[in-house]
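K.L.:
Here is a sequence together with a model predicted from it:
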Amino acid sequence: MHFISDVFRPLLPVILGAGLIKVLLGIILLLNQLISDDPMLTDEPIFNLLSMIANTPVYLLPVLIAVSTAYRLRSNVYVAATIGGFMFYPEVAMWLNGEKPARLFGITMVPQPSFYAAVPWVILAVWAASHLERKIDRRVPKAFQGIAGSVLSLGIIVPLMLVILSFVGKFVDEVGADWISSLVESSPVVGVMLLGIIFSLMYVAGLHYWLLPILIMELTYNGYSIVLPAMLAAMIGHAGAALAVALRSRKGETKRIAIWSTIVAVLGVPEPALYAVNMRMRVAFYSALLGGAVGDCIWDLHL
């Protein structure tokens, strides 16, 4: 977790800046609905431009994370950027979006881009590529050094990563959602508390979108959802843990980062608090998980 935090920290200024722009745009939309309810606001070029600017760091996060990891490992930055940017290739994007089915070695790729773009998987792929590249370059003639390692690491790591993630994603897709749904239905208090604990881990691994069918089913058949507030409590738990770090830390840089991360986390952008603050300290991270569980328990008992 500390390594992931170290990788994410150099990206913090741009992520915080983009998050603040998104928050300001959200406030403008809310005020517009309360005052004039002008539907033309979202069609304004400047509004759309700022929205695209705010979404760009999140959209390019796999590339940014890959480059930051390569700098941290002192490996080939361009190989890392290629690994992170592979999913933006048009045909690969269609595979990941489900527009075009794909099978690798008999395993069907799960149509979920957020899963493949999750921070840990990108870091692991770049780490594996850097080690493989170094080992290959030590064993090839000098004429091929620097080339053979890059070519073989890309040709091995990228397909291997897709196969492993497709296998894991297929298992979670078949088992995970049904297991969570049955647990919430049979024991709502325990299920919601458990979801408050594991949701952050699902978010880190890119598995949080597997809860979407459960949300749709709850809203369709019940008219309300008990999973959605559980997700909210888990994210607010990270805002609370980041605030605690800001209050107790004696380091000026840590305090400043934690304060800004808390602000944007409360307003709907939890990544800085999750990756840059809480993952850096085990107590803060575990406290955020516990806070999400306690918040879900209080909400469930109140309901």
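P.N.:
Received it, and whenever you're ready, just let me know what you need. Residues are numbered from 1 along each chain as shown.
K.L.:
just so I have it, where are all the helices in the stretch 1-150 of the chain?
P.N.:
2-8, 12-35, 45-59, 61-73, 77-85, 90-97, 113-116, 119-139, 148-186 (DSSP state H, counting those that start in this stretch).
K.L.:
Let me know whether residue 295 touches residue 237 as I believe.
P.N.:
Yes: contact criterion CB atoms under 8 Å: residue 295 and residue 237 qualify, at 6.3 Å. The C-beta positions use only the backbone N, C-alpha and C, and glycine is treated the same way.
K.L.:
Now do the shared contacts for these two.
P.N.:
Shared contacts of residue 295 and residue 237 (CB atoms under 8 Å, 6 or more residues apart in numbering): residue 196.
K.L.:
Looking at the two, which one has more neighbours?
P.N.:
More crowded of residue 295 and residue 237, by other CB atoms under 10 Å: residue 237, with 29 against 22.
K.L.:
That one: which element?
P.N.:
Assigned by DSSP states H and E, residue 237 falls within helix 227-248.
K.L.:
sorry, back to before: can you lay out the helices of the stretch 1-150 of the chain as JSON lines showing distance to residue 256, mean neighbour count and mean pLDDT?
P.N.:
Shown next, in JSON lines, are the helices of the stretch 1-150 of the chain (distance: least, CB to CB, whole Å; neighbours: other CB atoms under 10 Å; pLDDT from 0 to 100):
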{"stretch": "helix 2-8", "distance to residue 256": "16", "mean neighbour count": "18", "mean pLDDT": "82"}
{"stretch": "helix 12-35", "distance to residue 256": "10", "mean neighbour count": "15", "mean pLDDT": "81"}
{"stretch": "helix 45-59", "distance to residue 256": "20", "mean neighbour count": "13", "mean pLDDT": "83"}
{"stretch": "helix 61-73", "distance to residue 256": "20", "mean neighbour count": "21", "mean pLDDT": "89"}
{"stretch": "helix 77-85", "distance to residue 256": "28", "mean neighbour count": "19", "mean pLDDT": "88"}
{"stretch": "helix 90-97", "distance to residue 256": "37", "mean neighbour count": "15", "mean pLDDT": "79"}
{"stretch": "helix 113-116", "distance to residue 256": "30", "mean neighbour count": "20", "mean pLDDT": "76"}
{"stretch": "helix 119-139", "distance to residue 256": "23", "mean neighbour count": "19", "mean pLDDT": "86"}
{"stretch": "helix 148-186", "distance to residue 256": "36", "mean neighbour count": "16", "mean pLDDT": "76"}
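K.L.:
now what about stretch 232-244, what contacts it?
P.N.:
Under the criterion CB under 8 Å, 6+ apart, residues 195-197, 199-200, 203, 258-259, 261-262, 265-266, 270, 273-274, 277-278, 284-285, 287-292, 295-296, 299 lie in contact with stretch 232-244.
K.L.:
Counting only strands, which of these make the cut?
P.N.:
Using DSSP state E, no member of the contacts of stretch 232-244 falls within strands.
K.L.:
quick one: residue 243 and residue 107, what's the gap?
P.N.:
43 Å (CB to CB, to the nearest Å).
K.L.:
Turn the helices of the stretch 1-150 of the chain into JSON lines, columns for distance to residue 209.
P.N.:
Putting those into JSON lines (distance: least, CB to CB, whole Å) gives the following:
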{"stretch": "helix 2-8", "distance to residue 209": "20"}
{"stretch": "helix 12-35", "distance to residue 209": "19"}
{"stretch": "helix 45-59", "distance to residue 209": "14"}
{"stretch": "helix 61-73", "distance to residue 209": "15"}
{"stretch": "helix 77-85", "distance to residue 209": "20"}
{"stretch": "helix 90-97", "distance to residue 209": "12"}
{"stretch": "helix 113-116", "distance to residue 209": "5"}
{"stretch": "helix 119-139", "distance to residue 209": "14"}
{"stretch": "helix 148-186", "distance to residue 209": "10"}
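K.L.:
To residue 229, which of these lies closest?
P.N.:
Ranking the helices of the stretch 1-150 of the chain by distance to residue 229, with CB to CB as the measure, places helix 148-186 first at 11.8 Å.
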